[in-house]
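Undergrad: sequence first, then the predicted structure, then my questions.
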There are 2 protein chains.
Amino acid sequence: MSKGLPKRSEDYSLWYNELVKRADLAENSAVRGCMVIKPYGYAIWEKMQATLDEMFKDTGHSNAYFPLFIPKSYLSKEADHVEGFAKECAVVTHYRLKNDENGNGVVVDPDAKLEEELIVRPTSETVIWNSYKNWIQSYRDLPLLINQWANVVRWEMRTRLFLRTAEFLWQEGHTAHATRQEAIDETVQMMNVYATFAEEYLALPVLKGVKTESERFAGAEDTYCIEALMQDGKALQAGTSHFLGQNFAKAFDVKFANKEGGAMEYVWGTSWGVSTRLMGALIMAHSDDNGLVLPPKLAPFQVVIVPIFRSEEQLAEISEVANKIKADLKKFGISVKYDDRDTHKPGWKFAEYELKGTPVRIAIGPKDLENGTVEVARRDLLEKNVMPMDDDFAQNISVLLDNIQDTIYQKALKYREEHSFKADSYDEFKKIISSEAGGFVYAHWDGTAETEEKIKNETKATIRCIPIDQVEEEGKCVYSGAPSKGRVVFAKAY
Amino acid sequence: MSKGLPKRSEDYSLWYNELVKRADLAENSAVRGCMVIKPYGYAIWEKMQATLDEMFKDTGHSNAYFPLFIPKSYLSKEADHVEGFAKECAVVTHYRLKNDENGNGVVVDPDAKLEEELIVRPTSETVIWNSYKNWIQSYRDLPLLINQWANVVRWEMRTRLFLRTAEFLWQEGHTAHATRQEAIDETVQMMNVYATFAEEYLALPVLKGVKTESERFAGAEDTYCIEALMQDGKALQAGTSHFLGQNFAKAFDVKFANKEGGAMEYVWGTSWGVSTRLMGALIMAHSDDNGLVLPPKLAPFQVVIVPIFRSEEQLAEISEVANKIKADLKKFGISVKYDDRDTHKPGWKFAEYELKGTPVRIAIGPKDLENGTVEVARRDLLEKNVMPMDDDFAQNISVLLDNIQDTIYQKALKYREEHSFKADSYDEFKKIISSEAGGFVYAHWDGTAETEEKIKNETKATIRCIPIDQVEEEGKCVYSGAPSKGRVVFAKAY
Ligand SMILES: [Zn+2]
Ligand SMILES: [Zn+2]
């Protein structure tokens, strides 16, 4: 129940952790860093998956599935990649257990040691490009536009539900192209797909931009990203799209005979992904001290109907109306749960659906039956209204849901605008970054990794991105005073 | 291309392997026993998933996600389970790699040894029941009806694409109930869901039955299954549903306060699953020496349109008609691919779609335009017809697809009926089982594991199931002569 949910203003981090657990979204498992995604949380993830999957298919991609295990030697084939990924990962060394001779359960069979260790994929570029070598011979085989929905593992010492877990679920797109420009276009297209998804479904405004060299994906020539601002003023990277150049093609020797005469050229690659981290973004961006606030487009059910009754007869009469409403709303594509359990009181149910972020709650009592009305409450603004049960009712609820989706987005946008600042001196920069409100800071930077690192060490702020709509503007780096031609975006980040 | 596809009659096993690869369904990866499911194969699997997922939800189940890794000690908690599953599995012993001091890529960091080894899940009963312990307190929390779509790993020495792979994709349902009867009803319900899916979508007739004790799932009180017959006369277990009794509840101490006074009782459990093995069943049951034969309900696209043209103008005229057909068919929910590539000739395309099992091929040439007709070919019977392009065309194609779905099913049913035999002596039994045609053999059995094992050792035949519609009939065990009250089904199996 929402009673006792910590307040955001008092302990944002504890509020988040408690909310994730109490709203039945996820919980920690007995395996360090691995989470259990509970049915209510998974239902939201399924809606994200279905929407993204359709967007990927609409842009010409197909799904496939590649192995969970990667031979250890593969990781070393692309020099930057191994630096970024070969470190904290789960290593399979044996393939058999046997009964302990002393009767203490099972032990690893030392005779079943693998010749080469296998790595549980932290990402699949290597194993996929190893397949692409056999799939691509000619320009006719290009572009190759493939996506995979999968679990990946990156050993993490400090984990947080959805935001950073050892195992997480994601999709990873891996495409191959005949030309540099086509690969760059694909990279940008997928960043835009992610941005559209974030804004239209998660109701989350995002900045689109390019990462600096030091924040780039290991093995990429350029990493494009979308960055969102959470309610504690910290940034969250919500999706990345990488232009891989010919790096993986060269590492795995993937060439194609070109159209003009059949000369062999290296293929150009991209990869792009979003993960269950989006669940963390969704929760942190919109929820309040009463619980989750879900955008209607991602809510497992958009409307809940709660009957208020004292007798079986009353419940029967209310149920007749409730079932009619449910059927009417269904015709408008609205998902409805009718909670007629007699094991819980209406007040308990109200708090429960508030905690779980159900966008619209309809309460029906005996007086409503007399008056031909119902009470309609919207979760985002916590407002109640009495609405007539007339012919326009379903249409009105449909409009209300659209309004809620938009209101949540506008609120997040307003928050971001109020927490976006320009800093023209390092003092000003530090003051904003160290303030409790946090936010995005637009500042000039001299373009060097040295300055970037010093700022990070001194303030914990990182460059979230060089915005793709960066305004050309002469300026001086807030740290070094060296010349700069445009502002980049700094923030503390998840 | 289908040219050179081995004949089933000459080498069924080679025919299968080659078909899987040439039809672009799957291939072996560099990791022993792990397959790559290619886009065309995965598109079929996605259709299976979508259909099953809806059937699971219609029967009240929700999806969730549990960790990939299982602490080694969990496997030992249920005595039978550890015997069945703790042997051939992938063991994670370390969580970090480091650069080799001699410059040879990366090596396992000996300092990063896990205190307790983690097992890559071969199935998830243990880790799920460990969660259920916290989720279930009272009868109000029951039934708990959860499904998971996941990858699992069982180390196998001899692997075959889709049929037996080290890593495979599956769904695993795990439910918890207040009473024994409710759990048994759930187990039977899910077997029936699988049977309905197999018959209506895979076009595959299946026997429903119960496994003998020696073929039972490790940790179950009863294993229900569906068994199908492949074209080489071998049986394939296509899905299993297990009644777990209170075994896992006791192993993980999962109790609930009952409705009558709140006394604490152990929960009753079930688990049930189907896997990418169904892909193997689909391929082996229906395909022929020309390639794949796909039931329309699972084909990635149901109709392909191939234009036959000599000039750009001809192609333009044909495309106008083709696109109209495509739009008309879409209105009937029919998925269509229009292959207007000029890089491949019509003959090549015909062979390609035959190999890939596209249920209906429509060819349109200049003469068809003059006559207002098209050529329609059905893959299952390899028959061609000229059809008028009139107002009923889309409707006629829709009827044709239904007819193909049914024809494929009836053919498989006829095959099974012709390969189902009764054996009343061990000589007769051995003669049928050792014959090239193979098939299901209905025979009396004395009910002992000893006899079952002797028959298996002598003939390679196993008891596929005790049919749920077993006819009561006095008889004598074909092996021991001991009395029996009904026939069980024997076969060689995958
Ligand atoms: Zn960015
Ligand atoms: Zn059976």
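TA: It's in. Ligands and ions are numbered 1, 2, ... in the order given.

Undergrad: look up how far ligand 2 lies from the one residue in the stretch 301-450 of chain A that gets nearest to chain B.
TA: For the stretch 301-450 of chain A, the residue closest to chain B is residue A:343, as judged by CB to the nearest CB, at 5.8 Å. From N, CA and C alone the C-beta is placed, and that goes for glycine too. When CB to the ion, to the nearest Å is applied, the distance between residue A:343 and ligand 2 equals 40 Å.

Undergrad: repeat that for residue A:280.
TA: 45 Å.

Undergrad: pop out the phi and psi values for that residue.
TA: Backbone torsions for residue A:280, taken as degrees, to the nearest 10, come to phi -60, psi -40.

Undergrad: for ligand 1, give me its nearest residue in the stretch 301-450 of chain A.
TA: At 10.1 Å from ligand 1, residue A:440 is the closest residue in the stretch 301-450 of chain A, using CB to the ion.

Undergrad: look up phi and psi at that residue.
TA: Dihedral angles for residue A:440 - degrees, to the nearest 10 - are phi -90, psi 130.

Undergrad: ok, back up a step: who are the contact partners of the residue of the stretch 301-450 of chain A closest to chain B?
TA: Counting by CB atoms under 8 Å, 6 or more residues apart in numbering or on different chains, residue A:343 touches residue B:140.

Undergrad: cool, residue A:268 as well?
TA: The neighbours of residue A:268, taking CB under 8 Å, 6+ apart as the test, are A:176, A:177, A:178, A:179, A:180, A:182, A:183, A:244, A:245, A:246, A:249.

Undergrad: if the residue in the stretch 101-250 of chain A that ligand 2 sits nearest to is in a bridge, with which residues?
TA: Here the stretch 101-250 of chain A gets closest to ligand 2 at one residue, residue A:106, 29.6 Å apart by CB to the ion. Each beta-bridge partner of residue A:106 is listed here: residue A:99, as defined by DSSP bridges.

Undergrad: ok, it - contacts?
TA: For residue A:106, the residues meeting the contact criterion (CB under 8 Å, 6+ apart) are A:97, A:98, A:99, A:100, B:72, B:75, B:76, B:82, B:86.

Undergrad: give me the pLDDT value at it.
TA: Per-residue pLDDT puts residue A:106 at 89.

Undergrad: now the one 5 residues further on
TA: The score at residue A:111 is 94. That number is its pLDDT.

Undergrad: next, the spatially closest residue to it that is not a sequence neighbour: phi, psi?
TA: With CB to CB, 6 or more residues apart in numbering or on different chains as the criterion, residue A:111 has its nearest non-adjacent residue at 7.6 Å, and that residue is residue A:96. Reported as degrees, to the nearest 10, the phi and psi values for residue A:96 are phi -160, psi 150.

Undergrad: was I right to think residue A:96 contacts residue B:89?
TA: Yes: with contact taken as CB atoms under 8 Å, residue A:96 and residue B:89 are classed as touching, separated by 7.3 Å.

Undergrad: dump the residue contacts of the residue in the stretch 251-400 of chain A that ligand 2 sits nearest to.
TA: Nearest to ligand 2, among the residues of the stretch 251-400 of chain A, is residue A:300, at 36.3 Å (CB to the ion). Residues in contact with residue A:300, defined by CB under 8 Å, 6+ apart, are A:40, A:43, A:44, A:47, A:335.

Undergrad: what do you get for residue A:62?
TA: A:145, A:146, A:147, B:39, B:42, B:43.

Undergrad: report the central residue of chain A.
TA: Within chain A, the residue whose C-alpha comes closest to the C-alpha centroid is residue A:278; the distance, by CA atoms, centre = their mean, is 1.6 Å.

Undergrad: just say helix, strand or coil for that residue.
TA: Look at residue A:278: counting by DSSP: H, G, I helix; E, B strand; the rest coil, its state is helix.

Undergrad: name the residues that touch stretch A:192-201?
TA: Stretch A:192-201 is contacted by residues A:47-48, A:51-52, A:55-56, A:59, A:204-206, A:208, A:226, A:228, A:238-239, A:241, A:272, A:274, A:278, A:281, A:295, A:297-298, A:409 when judged by CB under 8 Å, 6+ apart.
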